[in-house]
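*Asks:* Here is a sequence together with a model predicted from it:
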Amino acid sequence: MAKDSRAKVYKSGRIRLDNEAQILRSAEQEFAEHGFQGASINSIAKRAGIPRTNVHYYFNSKLDLYMAILTGVIELWNDAFSRITADDDPAEALGAYIHAKVMYSRSNPHASKIFASEIIHGAPNLSVYFKKEFRPWFNAKAGVIQAWIEQGKMDAVDPYYLIFLIWSATQHYADFNLQVCAGLGKSKLTSNDYEDVSDNLTRIILKGCGLKLPDK
């Protein structure tokens with residue numbers, strides 16, 4: 001392929017990715033504010049500053065767009081914990097996971113709220129995921145924590161409830177951000193606030209598991 005042709009292909013691909021990202025960002029805001037039923041492609045297009053037809057060029061329907069957001073945030077959250085093994089140091093692995101999840105509450109708050117709303121409404125669009133993919137992944141991660149316990153690396157806590165605790169504690173700062181800000185007397189949380197959240201949650205959770213804080 002000639003150099004000019006490769007440049008055109010690259011530029012076209014870059015434009016496509018940028019457009020998809022802009023549509024997804026706008027859709028996240030729309031779904032987070034109005035829910036799936038209240039959101040519309042027209043409103044999403046207006047937020048993105050593009051014609052409605054352009055949205056349909058990338059996503060066939062509102063449901064396709066909604067599912068792209070849900071699957072995207074699940075993959076993002078899972079990836080931060082998917083590579084742990086029984087050979088890892090639990091304090092370092094859990095500490096890194098807590099920090100990553102807190103930072104996702106900062107960088108992806110709308111997606112977290114959309115996921116929470118989906119679950120609250122019975123997860124009608126995630127039933128296949130929960131029946132097929134979720135449980136094996138969840139059991140595998142709990143199995144790693146159980147292995148750490150059996151190796152004497154940490155106290156005997158229930159692995160499932162530990163994971164639930166990490167999820168609820170970290171996602172709280174996205175889903176209930178307004179309440180957090182009101183409680184702290186702030187209009188918004190800063191990057192330093194999120195680091196403080198991560199440090200405190202890490203200290204509380206790791207000490208509850210009989211673990212020493214990892215060196216920074």
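*Replies:* Yes, it's here. Being a predicted model, the structure only gives us computed values, none of them experimental.
*Asks:* hey, where'd the helices end up in the chain?
*Replies:* Here the chain has its helices, by DSSP state H, at 3-38, 41-48, 52-58, 62-82, 90-107, 109-120, 127-129, 135-150, 159-175, 177-184, 191-208.
*Asks:* Quick one, which of these gets closest to Asp215.
*Replies:* For those, distance to Asp215 was read as C-beta to C-beta. The smallest value, 9.0 Å, belongs to helix 90-107. The C-beta positions use only the backbone N, C-alpha and C, and glycine is treated the same way.
*Asks:* Could you list every helix and strand that the closest one packs against?
*Replies:* Under the contact criterion of 3 or more C-beta pairs under 8 Å, 6 or more residues apart in numbering; DSSP states H and E, the helices and strands touching helix 90-107 comprise helix 62-82, helix 159-175, helix 191-208.
*Asks:* Could you dump those into JSON lines with mean neighbour count added?
*Replies:* Formatted as JSON lines, those follow (neighbours: other C-beta atoms under 10 Å):
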{"stretch": "helix 62-82", "mean neighbour count": "16"}
{"stretch": "helix 159-175", "mean neighbour count": "18"}
{"stretch": "helix 191-208", "mean neighbour count": "16"}
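*Asks:* Quick one: closest of these to Lys132.
*Replies:* helix 62-82 (12.8 Å).
*Asks:* Is Met103 in contact with Val197, as I believe?
*Replies:* No. Using C-beta atoms under 8 Å as the test, Met103 is too far from Val197 to be in contact (9.5 Å).
*Asks:* Domain map for the chain?
*Replies:* Taking automatic domain parsing as the domain assignment, the ranges for the chain are 1-59, 65-216.
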